[in-house]
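Colleague: Sharing a sequence plus its predicted fold:
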Amino acid sequence: MRFWSAVVLLCVALSARAELTIEITGAGEHQIPVSLVRFAGEEQMTGQSVSSVVSNDLLRTGLFKLVDPAGKVPHEPSEIAYAEWPGVDALLIGKVRSLDGGRVEVRFRLMDMVRQTELVGLAVTAKKEQLRAIAHRVADLVYEKLTGAAGVFSTRIAYVNREGKKYRLVVADSDGFGEQTLLALNEPIMSPAWSPDGKQLAYVSFERGHAAVFVQSLATRQRIMVADFPGSNSAPTWSPDGQQLALVLTRDGISQLYLARSDGSNLRRITFSEAIDTEPNFLPDGKTLLFTSDRGGSAQIYRVPVEGGYAERLTFEGSNNFSPRVSPDGKYFVFSHFVDGVFYIAVQDFENKQMQVLTSGGWEKKPSFAPNGKLVLFATESQGRGILATVSSDGRVKQKMVAQRGDIREPIWGPFLKQ
Amino acid sequence: MKKIILGFVLVNLLAACASEPAKEEVSEPTPAPTEAAAPVAAPVEPAPTETAPVAAAEPAIPEIRSAYFPFDVDAVQESDRSAIQAHGEYLGNNPSAKVRVEGNADERGSSEYNLALGQRRANNVKKLLVLSGAKTSQIETMSFGEEKPRATGHDEASWSQNRRADIVYK
């Protein structure tokens, strides 16, 4: 249990703009020792500190051990005395300065302290408001260079914030900062789903008096109503090519799976059961759907060909299993596992059918993978409030993100954004 | 109320039977049922005390407007049947009345599963309303799932209130 001995508590205090408190527990088995020196010029910048955003991003993965620079402040390779950094594999140094017209320049270098070479170095200029976004890009590059996997710090997440009778559909950075409200209503909003290009969200809104499905563009805020049949219209999810939506309608009676073009046209029914069929999710090949059904007497996870046909039951443990979502590589699915009145986040291997519970249990719902498959985002509760949490896909590192206001529900991790 | 409906159905059946042979006598069939209805309905009147609301010019909408369900169950419970049937009868007697049946679920389950469960509860209430005299065109169903809990605790006291279907008159 060595990896549990490291418990990192991190309070991100951002003065008046504080939106979240982040708490991290656990650590990866083989942590990479990294040191970050506060970038030159950061003292003069108001608001965000690039190096603190980067270190928080890296800490959240549990894959890195942050070594205190202990007063050393190199900002250029020439200022590094390598002998003074024993046990440090990589060092991040850099400079930030203000430019004219509200712009900033960030220069950074990631140094290999063993080979005494530069792993990556870049100079980026952007608007001052984009400083956090730049910091996330820096963290992505550090992560990629040191782990070989793609970083997800620049990706975004979506969720619903419920505050009394007010519901907001929110898009935020992967660390929960930078909230933007896409839709605010006095009626429930449910089940946001990212289009594969990250440009649109499908979701369920009750603004027409019952559950109806909408698709909205993030850039233009324009939206279309995709399904508004009598009863309930819900659980939209995108096909991997972004051309189709799978969704759930009760227009023929009970909740069943349907397929449509992303504008709602060419609607056709996929399942024909006497039970609840809901929460479809495409496998990466676009040919198979996972879904939740109580056709066997309790809610369990099944898979069915997109063109319909035989549905195979996949989960057998626990009293109920809900909300399946497939990993980006298509090898696993994550879901909410309900047993003895407690919800856990669990993952199951398609091939060997082994289930692994990733969390210690609670009010844990709606898990989704980060686009690199390394982290799982889900909704849980802390002190009676709905909050966001992540767990590494091996279950070792957990993180809770506590928002300042309201209950956070229905989170979903967005895709990689094409540069 | 139940008896009256039963009586009414019987009357119609009788009328239908009576009108079959009557057909041979050309013009009578249409007035026949109405004529028959009045006298046969009469014997029901001296029966219990339930006649009063029928006699009243505008019968009130039945008081109890919610049905409750056990965990993960969508079938209308025996204890709620008569209350829902009363609404079915009322709707049958008031063809211009319209209702919306709103299904709800407790929070144990995913939001989408609970939306489906609430919809199924609403659909089952609708079926019973129709069996009791309402027309399908008078009834709209929808579900709030777990999204609008009446009680917000994480305990059976709250959950039992949230596993519910409400009949809402428009």
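Modeller: Received it, and whenever you're ready, just let me know what you need.

Colleague: Please make it C-alpha for all contacts and neighbour counts, starting now.
Modeller: Will do.

Colleague: What residues are bridge-paired with the residue of chain B at minimum distance from chain A?
Modeller: Going by CA to the nearest CA, chain A is nearest to B:Met142 of chain B, at 4.6 Å. Beta-bridge pairing for B:Met142 (DSSP bridges): B:Glu102.

Colleague: and it, how many neighbours?
Modeller: Using other CA atoms under 10 Å in any protein chain shown, the number of residues around B:Met142 comes to 27.

Colleague: low-confidence ranges in chain A?
Modeller: In the predicted model, chain A carries pLDDT under 70 at residues A:1-22, A:28, A:46-47, A:419.

Colleague: Residues of it that sit close to chain B?
Modeller: A:188, A:190-191, A:210-211, A:230-232, A:234-235, A:250, A:253-255, A:276, A:278-279, A:292, A:322-323, A:336, A:338, A:341, A:365-366 (CA under 8 Å from any CA of the partner chain).

Colleague: How many residues are close by A:Val397?
Modeller: Neighbourhood size, A:Val397 [other CA under 10 Å]: 26.

Colleague: residue contacts, it?
Modeller: Applying CA atoms under 8 Å, 6 or more residues apart in numbering or on different chains to A:Val397 gives the contacts A:Ile24, A:Thr25, A:Gly26, A:Ala27, A:Gly28, A:Arg60, A:Thr61, A:Gly62, A:Val391.

Colleague: Show me what from chain B comes close to chain A.
Modeller: So far as CA under 8 Å from any CA goes, chain B lies against chain A at B:108-113, B:115-117, B:119-120, B:123, B:140-144, B:147-148.

Colleague: taking these one by one, which sit in helices?
Modeller: Mapping the residues of chain B next to chain A onto helices (DSSP state H) picks out B:Ser111, B:Glu112, B:Tyr113, B:Leu115, B:Ala116, B:Leu117, B:Gln119, B:Arg120, B:Asn123.

Colleague: So which of those wins on neighbours?
Modeller: Most surrounded of these: other CA under 10 Å gives B:Ala116, at 33 neighbours.

Colleague: Go ahead and confirm that residue touches A:Ser255.
Modeller: Yes. Between B:Ala116 and A:Ser255 there is a contact under CA atoms under 8 Å: 5.8 Å.

Colleague: Please enumerate the shared neighbours of the two.
Modeller: The contact sets of B:Ala116 and A:Ser255 overlap at A:Ser232, A:Ile276, A:Thr278 (CA under 8 Å, 6+ apart).

Colleague: Would you mind checking these for buried ones?
Modeller: Among these, those classed as buried by 16 or more other CA atoms under 10 Å in any protein chain shown are A:Ser232, A:Ile276, A:Thr278.

Colleague: wait, doesn't the second one sit right on A:Arg295?
Modeller: Put plainly, it is A:Ile276. Yes. Contact criterion CA under 8 Å: A:Ile276 and A:Arg295 qualify, at 6.8 Å.

Colleague: care to break chain A down by domain?
Modeller: For chain A, the structural domains run A:4-147, A:156-413, going by automatic domain parsing.

Colleague: Identify, out of the ones you listed, the most deeply packed stretch.
Modeller: domain A:156-413 (a mean of 21; mean count of other CA atoms under 10 Å in any protein chain shown).

Colleague: Ends of that domain, what's the gap?
Modeller: 6 Å (CA to CA, to the nearest Å).

Colleague: okay, the ones in helices among the residues of chain B next to chain A in a markdown table with pLDDT and distance to A:Ser327 next?
Modeller: Formatted as a markdown table, those follow (pLDDT from 0 to 100; distance: CA to CA, whole Å):
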| residue | pLDDT | distance to A:Ser327 |
| --- | --- | --- |
| B:Ser111 | 97 | 21 |
| B:Glu112 | 98 | 20 |
| B:Tyr113 | 98 | 21 |
| B:Leu115 | 98 | 25 |
| B:Ala116 | 98 | 25 |
| B:Leu117 | 98 | 27 |
| B:Gln119 | 98 | 30 |
| B:Arg120 | 97 | 31 |
| B:Asn123 | 97 | 35 |
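
Colleague: Quick check: of the residues you listed, which lies closest to A:Arg107?
Modeller: Using CA to CA, B:Ser111 is the member of these that lies nearest A:Arg107, at 45.5 Å.

Colleague: from memory that closest one sits against B:Glu147, does it?
Modeller: Yes. Using CA under 8 Å, B:Ser111 is in contact with B:Glu147, at 7.5 Å.

Colleague: From chain B, how far off is A:Pro371?
Modeller: Applying CA to the nearest CA, to the nearest Å, the value for A:Pro371 to chain B is 23 Å.

Colleague: same question but for A:Arg115, I mixed them up
Modeller: 51 Å.

Colleague: Could you tell me whether that residue really is in a helix?
Modeller: No. A:Arg115 is assigned coil when assessed by DSSP: H, G, I helix; E, B strand; the rest coil, not a helix.
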